[in-house]
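>>> here's my sequence, what's the structure:
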Amino acid sequence: MPTVDDLSNKGFQNVLLDRALGGGPVLRTNSAAAAKRLTREHVSLFVNLTRLVDKALREYEASRAALINYLSPPDEQLRTTGYVVAVDHLENCISAASRSAVIIRALRERGYGRAAPRLTPTQEERLAFIRNAIEHSDERILGTFKSKKIRKFDSHEPIALRLANRHAVIGDESIRYIELSQDLRKFHRAIEVMRGVQTGAPGPNWPNMKLHTDFGVRPGGTAVMASDYLRELSRLIVTH
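The predicted model follows:
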């Protein structure tokens, strides 16, 4: 999984300061018409966007850190919990990222952030589809969905997000880690363009960076020594 720990996850705090000190947030745009039409709806969209992008960045790095710890534990012992934690964090990241894409498109349609790099329609669709598969997995197991475009999970398909070498997959939906990280970078840049301020490079104590090395206290007691086969079996038990 490519890292995104060079990106600020303090965008929401910046917007809170904008509002507290300057009555903002200030949404920059090249469109004079859009600037005159700034409404509560626009502000609400932007504030929610900054919170969701912060969340997506934190959850992505937390998933990455948990996965690294699961695959390369210092004591070579198998702890499937680390894999489950990585799955949980990445599910949260995908949900926040998909919602961010919807808001950015809405703001762009209203004249904001048009100079920022954007997702292609296919990339937006991929995020939306995998988010829906995650959030409606119960319906796809039970077959209680109403849309004819959705089907039950096949017996060989993962019923929860499965973390493969280069992509995450659930059911028949998947997304590559590199694409997800690039999506997050585009969202982060869109916020900078809308605020008109670059966040700069984070320092060594940045929260994202800390997630790489701070895994908490390891449990004591007897543990099973890990092999590649046992790790793969533990992942299949989680998702199939």
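>>> stretch 161-178 - what's its average pLDDT?
Mean pLDDT, stretch 161-178: 94.
>>> please apply the same query to stretch 2-19.
Stretch 2-19 comes out at a mean pLDDT of 81.
>>> doesn't Ser174 lie inside a strand?
Yes - under DSSP: H, G, I helix; E, B strand; the rest coil, Ser174 sits within a strand.
>>> who does it bridge with?
Listed by DSSP bridges, the beta-bridge partners for Ser174 are Val169.
>>> thought Ala115 was touching Met194?
No - under the criterion of Cβ atoms under 8 Å, Ala115 is not in contact with Met194, lying 9.5 Å apart. In short, each C-beta sits where N, CA and C put it, glycine included.
>>> neighbour-wise, which of these two wins?
Met194 (26 against 14; other Cβ atoms under 10 Å).
>>> tell me the confidence at Glu76?
64.
>>> the residue positioned nearest the centre of the chain is in what secondary structure piece?
Geometric centre of the chain, nearest residue: Cys93, 2.4 Å, by Cα atoms, centre = their mean. Take DSSP states H and E as the rule and Cys93 turns out to sit in helix 80-109.
>>> run through this structure and note the low-pLDDT ranges.
22-37, 73-78, 148, 200-240 (pLDDT under 70).
>>> quick one, strands of this protein?
77-78, 162-163, 167-170, 173-176, 224-225 (DSSP state E).
>>> so which of these gets nearest Asn48?
Across the strands of the chain, Asn48 has its closest neighbour in strand 173-176 (22.4 Å, Cβ to Cβ).
>>> helices or strands up against the closest one?
helix 121-135, strand 167-170 (3 or more Cβ pairs under 8 Å, 6 or more residues apart in numbering; DSSP states H and E).
>>> and the ones you listed as JSON lines, adding mean neighbour count and distance to Ala66?
Formatted as JSON lines, the helices and strands packed on strand 173-176 follow (neighbours: other Cβ atoms under 10 Å; distance: least, Cβ to Cβ, whole Å):
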{"stretch": "helix 121-135", "mean neighbour count": "18", "distance to Ala66": "17"}
{"stretch": "strand 167-170", "mean neighbour count": "21", "distance to Ala66": "13"}
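>>> switch these over to CSV; also include distance to Glu179.
Formatted as CSV, these follow (distance: least, Cβ to Cβ, whole Å):
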stretch, distance to Glu179
helix 121-135, 7
strand 167-170, 8
